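Engineer: Just a sequence and a predicted model for now, questions to come.
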Amino acid sequence: MVDITIRKRPYADAVVTQRKFLKKTARGKVVKILRERYLRDDVACGIENCRECDGGSLPFSGVASHKDYPQGHFLLPDTNVFLHQMDLIESPHFTSPLIILQTVVEEVRHRSLPLHSRLKALITSGDKKIWTFYNEFRSQTAVVREDEESPNDRNDRSIRKATAWYNTHLELTRPVRRGQPKPVIPTIILMTDDAANRQKAKEEGIPCHSTRSYIEGLSNFDDLSDLLAATDSNDLPEATASSRNVTLYSDYLPMSTLVAGVKGGQLHQGHFNANQYNYLEGSVPVPAFSKPVLLLGRENMNRAVQGDVVVVEVFPETEWKAPTDEVVDQDSTLKNDDPDNSGDEEEDAEIDAEEAKALGRGRQEKTQSSVKPSSERQPTGRIVGIIKRNWRAYVCHIDGGSLSSTLSTSLSQQSVFAIPVSRLLPRIRLRTRQAPTLLGQKILVTIDRWDLTSRYPEGHFVRALGRAESKEAEQESLLLEYEVPYRPFGKAILDCLPPEGDSWVVPPKSSTSPDWQNREDLRDLLICSIDPPGCQDIDDALHARMLPNGNIEAGVHIADVSRFVLPDNPMDSEAAARGTTVYLVDNRIDMLPSLLGTNLCSLRPHVERLAFSAIWELTPEAKIVQTRFTKSVIASKAAFTYEEAQIRKDDPHRDDDLTKSIRLLNSLALKLKAARMAAGALNLASPEVKIHLDSAESSDPIDVEQKEMRETNSLVEEFMLLANISVAQKIQESFPQTAVLRRHLPPPRTNFEKLQDILQKRRGMTLDVSSSGALADSLDQCVDPNEPAFNTLVRIMATRCMLSAEYFCSGSVSKDTFGHYGLASPIYTHFTSPIRRYADVLAHRQLAAAIGYQSLHPSLHSKQHVETILTNVNRRHRMAQMAGRASVEFYVGLALKARGTRDGKATEVQEEAFVIKVFRNGVGVFVSKLGIEGVVMFKNDHKFDPDAYTISLTSSAGKEATIAVFDRVTVSISVEKDKNTQRGKVAMSLISPVNTTGL
Amino acid sequence: MGSRVEILNDGGYRSDGRRQYELRDILIDLTPQGSADGSAQVSHGLTTVLVNVFGPREPRLRSQSLHDRANINVEVLIAPFSTSEHRKRNRGDKRILEFAASIRETFEPVILTNLYPRSQIDIYVQILQQDGGVLQTCINATTLALVTAGIAVKDYVAAVTCGVHSTSPLLDLTNIEESDLPHLTLATIPRTGKVTLVTMETRLHIDRFEAMMRLAKDAGAVVAQEMKVAVKTRTEDLVKSMGGATEGAKLTEEE
Ligand SMILES: [Zn+2]
């Protein structure tokens, strides 16, 4: 029996312990809030061998690494240190023992979730000496907010009080004893960058330092100085924060005004999206308007960075504008800005003029003719505040031009520009001592702040990733850029694997073996798997056979991952955090340890494996008569590639049972597909290319090829869809509140407006977007007999108008929004790839509970828990997709480079491309053979007709040609190295109809 | 999730500073209220309930009279501003009726009703302040009010709420905890271990159920002990004051 006690609270404490207040809710109701807290004297200080407290882990004497504290010290940082100096704290060079207050952890959580997660990870990693002190629950350190005191001041006071208590606590627990040497009492140092707080601490006799002055006293100052973030009160020794007062941006409105404005509808809240073609333009999708709010120019974008949650004010409708149709490249417009002198008025004026020109050009003609169709214009506004910053570490290059050349060999600190790899981010100014050595490297940089007077955000260097264009650096930067967790699995996680390791086998069949309990023996079924060549993680296998009654039994067998991944253990938590396996061209970042993925849960042939089976009885017309699910043991008879299965199926000389079963499956799949198409499923296209790697070691791509689709691809796909749909129905029935489902919302019609207009004007074609069925039909009509690739192109463009599919918890959304638009299915989930998708693991657990195999883990009964997990999984999926695409792009670049220099001499790579976008000074093209997009830019002005989507060019030879969207052109593709950033850039120029080199 | 309270943090503390198995402070006031035959005001933390018991007495309506035992009538009143949802609930409100029914069902088998045929026992429950565990407080206050009214009961009934955060059970939930966790309220007769009431408004996993029941039962014994001490103290006080009175009476006699 556990020890149950009653916590008594002394009456004198009531002021500190009880709070009653009235609060108005979002819906305007007044509610009474009651809170109390129980103060205690048994909250441990965390220092080992303390006379009064239990279970400490910090060294008894602190550490003596600081020159001012030879008797040893502990460090107690305030909230802002964690908000701004996390890179410093996380550095392996930073070894001071830390006391982290509950007040601080909670404040960090309140201010930034990502930083809170990093802080938590730091605390749990065990890499550092850290103790969390629950100061708000210890009677001597609990603090109540006083009247007129701001929450900030209250927290500061609470942090000071805790520091003072610690110092007293150490003195009291280590008293001077007669006849014994004087006890050594280490100091607890408060670290804060708030000068006012330091002043107060000094008055109260509390030892304190700013971050800079603290690390200056450490013996390894040199290792740490670059990591120091630039913050306002960072008492910089040099006068770099200087006295310029040119305000470039307007101040943000106070948070309360923002919140009230958004609530009242005068202001709008949303995520800031930068325009990848034009760094001076951004947009914010907000619920109140069907089109996103457009932000033009630096001033209106007001220091927002991609992903920030911002509040915008929308201008009156007369001031609404259309997006610019010009490519504005920040590297060329800003190439002359000097990081040390930004703010210099003359130069500012120059840049302002340059930027104004860039912004204005796109719009001039329109204002003259001023009769731009109102449909083109969209709400336009400016950012008046930031609700939440979404800053993280960005992969960058140092801008070589920003280095003062005379200093190239010195190691003194200088300001340089870091140019992020992502085109959606502004360049970042940072101060570093290592500038010359960082040139040509990929480095990680974080943004610290962005002042009113600074054109650029300021940041600091975190670490170097390696030489640009080296595979290691590029790969790691890709993973970082898309926030893919890629650390090797830790011991706690690997300990969750079966102790037998790769010698684990399905135990012999017996009534006592837990693995055979309630499991069907399907080892005799003719099951096979069909996958891409070289597939190591086989998570699905199939079978089909005729039944005596003329119907067909078909089964999909999925690796029984939930047998090995048990809820709530470290392996499960890690898989939930990773959300998905990430596939890069030459690498795979697994969601689960490879022992499971490529072995124990891989349904290899001729090996007994545990599976979760969905088995249907279907009529020969592929109508479902009956569906059942069971845990099973299978032994696959063969692992085919798509190609092998196809050949086998088509070989008239083969008539064995396995071949017959493939044919049966295929005939059913054809009917299933026909039925899906008739129901209005979309046949969408995305540019998929395959990279051939020369050999595993060099991993140099030799060529790029488009993926081939065979009948057998479709066979597998149909059965996976069928399994997913059947499982979705079952778990939704059993767990209406918490079933893990997947949906694809129908796209808003306005998304298609532009594409519809282009199709109408350029090809006289119409696109009916009233339903997915209508869209599917009209896409089928978009055919150009002379251009077989045209239809694919339209499908790609239509796909981009759609929303992306997402996982959701069935109890969280209204039932009429469950549908999957693209598949035209009223309900859907993911069940078939539990090795590489976490949502599937959850679906497995729910299905196992639904068929009574085992009881459902309590966490899967909690709507909130399921929602939290799925939100993360959705995000991971998006990131994984983008990382995969970026990896393909990188290799396409390498392949192009290789092709361009084949046989040792430079040759031009020419490819056919479709025009997909026309700008005032360029055209956007899509090279379907390589699956890449590019922009051809022109230096001179040309006749541009935005309404007809055309641009007319005159070649240097005097030949004139008009280029329109959907036209087929030939481009020359090369990879150039950007002189400043060392970044490989795909450059394209037109070869035909006109050669635009020099235009 | 941003500003949400952490239900159980890494240090093992709950949002109000208690640990998993710590109950909130219990305050018991058994001072008689007006003409009531027995009264008890009980607080578990900030949740406060006053129960007045009248009876056994003549039933107000003939039709309510039972020939072989007493009729138990429970009425619940929620004081305005006692609650976070501050909505006025009338006597006929469905939730209030359910609440009253739960209290009645809990005590019906405990009160020796056959000792009081053709009479009525009225239990008036006033919820003065709510911060989670309202039903548990009502039941505990009712037990004490019945005891102070001198009505024959088989034994003390003690109630405790128990919730589960992921896999960790928590005792005596606050409002924040109740709205976040699956939980149950369990009323037991600690001496016999008999359970007289289990209520659940949220789904609860079957594997957790048993462990929570066991824990809530153990906690019920702790609460009952606290209640017994309160009654004993009051009885001693009464005896003392009565003793004082008799002494005074003696004095007058002697005069
Ligand atoms: Zn201590």
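Structural biologist: Good, I have the coordinates. Every value quoted in this text rests on a predicted model; they were computed, and no experiment measured them.
Engineer: What ranges in the stretch 101-250 of chain B fall below the confidence cut-off?
Structural biologist: Low-confidence regions of the stretch 101-250 of chain B, defined by pLDDT under 70, span residues B:244-250.
Engineer: 80 instead?
Structural biologist: Counting by pLDDT under 80, the stretch 101-250 of chain B shows low-confidence ranges at B:166-167, B:201-208, B:242-250.
Engineer: List, one by one, the residues from it near chain A.
Structural biologist: By Cβ under 8 Å from any Cβ of the partner chain, the residues of the stretch 101-250 of chain B that approach chain A are B:129-131, B:164, B:166-167, B:171, B:174-175, B:180, B:182, B:203-208, B:215, B:218-219, B:222-223, B:226. Where C-beta positions appear, they are placed from N, C-alpha and C, glycine not excepted.
Engineer: Pull out the buried residues from those.
Structural biologist: By neighbour count, with 16 or more other Cβ atoms under 10 Å in any protein chain shown, these hold B:129-131, B:164, B:171, B:174-175, B:180, B:182, B:204-205, B:208, B:215, B:218-219, B:222-223, B:226 as buried.
Engineer: so of the residues you listed, which ones are in helices?
Structural biologist: Within these, residues falling in helices by DSSP state H are B:175, B:180, B:208, B:215, B:218-219, B:222-223, B:226.
Engineer: Contacts only, for residue 220.
Structural biologist: No chain in the question, so chain A it is. Applying Cβ atoms under 8 Å, 6 or more residues apart in numbering or on different chains, we find A:Asn220 in contact with A:65, A:93.
Engineer: was after chain B, sorry
Structural biologist: B:158-160, B:186-188, B:190.
Engineer: ok, 10 Å please
Structural biologist: Neighbour list for B:Gly220: A:4, B:136, B:140, B:156-160, B:162, B:186-190, B:193, B:195 [criterion: Cβ atoms under 10 Å, 6 or more residues apart in numbering or on different chains].
Engineer: in stretch A:502-509, what counts as buried?
Structural biologist: Of the residues in stretch A:502-509, A:Val506 count as buried by neighbour count, 16+ other Cβ under 10 Å.
Engineer: before we move on, what about stretch A:463-473?
Structural biologist: Neighbour counts over stretch A:463-473 (16+ other Cβ under 10 Å) mark A:465-466, A:468-469, A:471, A:473 as buried.
Engineer: ok, now stretch A:188-198?
Structural biologist: For stretch A:188-198, the buried set under the neighbour-count rule, 16+ other Cβ under 10 Å, comprises A:188-194, A:197-198.
Engineer: For the residue in the stretch 151-255 of chain B that chain A sits nearest to, which non-adjacent residue is spatially closest?
Structural biologist: Residue nearest to chain A within the stretch 151-255 of chain B: B:His205 (3.9 Å; Cβ to the nearest Cβ). Leaving aside its sequence neighbours, B:His205 sits nearest to A:Pro858 (Cβ to Cβ, 6 or more residues apart in numbering or on different chains; 3.9 Å).
Engineer: The one you found contacts B:Asp207, doesn't it?
Structural biologist: Yes. Between A:Pro858 and B:Asp207 there is a contact under Cβ atoms under 10 Å: 7.4 Å.
Engineer: shared neighbours of these two, anything?
Structural biologist: If you check A:Pro858 and B:Asp207 against Cβ under 10 Å, 6+ apart, the residues they both contact are B:Thr167.
Engineer: show me where pLDDT drops low in the stretch 101-250 of chain A?
Structural biologist: Residues of the stretch 101-250 of chain A that meet the criterion pLDDT under 80 lie in A:112-114, A:124-127, A:222-223, A:229-247.
Engineer: quick one: the strands in it?
Structural biologist: Listed in chain order, the strands found in the stretch 101-250 of chain A under DSSP state E, counting those that start in this stretch are A:130-133, A:187-191, A:208-209.
Engineer: Repeat that for the stretch 601-750 of chain A.
Structural biologist: Using DSSP E, counting those that start in this stretch, the strands of the stretch 601-750 of chain A run over residues A:608-618, A:624-635, A:638-641, A:689-693, A:701-706, A:740-743.
Engineer: Just list what the first one packs against, helices and strands only.
Structural biologist: Packing contacts for strand A:608-618, counted by 3 or more Cβ pairs under 10 Å, 6 or more residues apart in numbering or on different chains; DSSP states H and E, involve strand A:520-522, strand A:540-546, strand A:552-559, strand A:624-635, helix A:657-678, helix A:711-734, helix A:838-850.
Engineer: tell me, what residue is most central in chain A?
Structural biologist: Taking Cα atoms, centre = their mean as the criterion, A:Met879 is the residue nearest the geometric centre of chain A, at 4.2 Å.
Engineer: and that one, which of the three is it?
Structural biologist: Following DSSP: H, G, I helix; E, B strand; the rest coil, A:Met879 is assigned to helix.
Engineer: residue contacts, it?
Structural biologist: A:Met879 makes contacts with A:479, A:481-484, A:579-580, A:582, as judged by Cβ under 10 Å, 6+ apart.
Engineer: Just these: which are in strands?
Structural biologist: Among the contacts of A:Met879, the ones falling in strands (DSSP state E) are A:Val582.
Engineer: Now render the contacts of A:Met879 as a markdown table, adding pLDDT and distance to chain B.
Structural biologist: Output for the contacts of A:Met879, formatted as a markdown table (pLDDT from 0 to 100; distance: Cβ to the nearest Cβ, whole Å):
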| residue | pLDDT | distance to chain B |
| --- | --- | --- |
| A:Leu479 | 88 | 26 |
| A:Glu481 | 84 | 25 |
| A:Tyr482 | 87 | 23 |
| A:Glu483 | 86 | 18 |
| A:Val484 | 89 | 22 |
| A:Gly579 | 94 | 17 |
| A:Thr580 | 94 | 21 |
| A:Val582 | 92 | 25 |
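Engineer: Distance to A:His84 and neighbour count for the contacts of A:Met879 - can I get that in JSON lines?
Structural biologist: Putting the contacts of A:Met879 into JSON lines (distance: Cβ to Cβ, whole Å; neighbours: other Cβ atoms under 10 Å in any protein chain shown) gives the following:
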{"residue": "A:Leu479", "distance to A:His84": "25", "neighbour count": "21"}
{"residue": "A:Glu481", "distance to A:His84": "22", "neighbour count": "21"}
{"residue": "A:Tyr482", "distance to A:His84": "25", "neighbour count": "21"}
{"residue": "A:Glu483", "distance to A:His84": "20", "neighbour count": "16"}
{"residue": "A:Val484", "distance to A:His84": "25", "neighbour count": "21"}
{"residue": "A:Gly579", "distance to A:His84": "29", "neighbour count": "25"}
{"residue": "A:Thr580", "distance to A:His84": "32", "neighbour count": "24"}
{"residue": "A:Val582", "distance to A:His84": "30", "neighbour count": "27"}
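Engineer: Tell me the one of the contacts of A:Met879 nearest the ion?
Structural biologist: Closest to the ion out of the contacts of A:Met879 is A:Glu483 (39.3 Å), distances taken as Cβ to the ion.
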